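Asker: Below is the structure, and that's it, no one-letter string:
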């Protein structure tokens, strides 16, 4: 079990499929349409100026919005929508491909999150790693079909 935790995200081949981001200035309604069209439940929000990640937009963002306020909330841009929800600091939403699974698990446990966006040195999103990805990796490792 020790070796699987000490290997990096990249060495396990995780998160390398790319990720579809949402521009910070589009409306929340358009962002939800994009999530739906791409069969996603979340996407990184990127600054249009730098293309770096500034937050996470997910279907759970609707939680707590009153029905009478939904039209106003959905007309606002994603950046406003995300910031209004008091999201976690970026450091708790991202990781690098050279981090170990041990580091990833610690960060997810601390933040209570379901996913981490894999970013490059400029915080550009390049992939995602989820709890499901981690569970599949562990199941593969413990079933004996692991690479050494």
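Answerer: The structure has been received and is ready for your questions. None of these values were measured; they are calculated from a predicted model. Numbers count the residues shown, from 1 in each chain.
Asker: Strands along this protein, start to end?
Answerer: 22-23, 42-46, 53-58, 94-95, 115-119, 125-130 (DSSP state E).
Asker: which strands and helices sit next to the helix or strand of the chain with the lowest mean pLDDT?
Answerer: Lowest mean confidence among the helices and strands of the chain (mean pLDDT, DSSP states H and E): helix 70-75, at a mean of 76. Here helix 70-75 touches helix 28-37, going by 3 or more CB pairs under 8 Å, 6 or more residues apart in numbering; DSSP states H and E. Heads up, the C-betas are built off the backbone N, CA and C, glycines and all.
Asker: Mind listing what's buried along the helix it packs on?
Answerer: Residues of helix 28-37 classed as buried: 28-32, 34-35 (neighbour count, 16 or more other CB atoms under 10 Å).
Asker: Look up the pLDDT of residue 14 for me, please.
Answerer: We have a pLDDT of 89 for residue 14.
Asker: ok now do the closest residue to residue 93 other than its chain neighbours, which residues does it touch?
Answerer: Setting aside the residues directly before and after it, residue 93 is nearest to residue 56 in space (CB to CB, 6 or more residues apart in numbering), at 5.5 Å. Shown in contact with residue 56 (CB atoms under 8 Å, 6 or more residues apart in numbering): 42-45, 82, 87, 93, 115, 117.
Asker: Okay then, goodbye and thanks.
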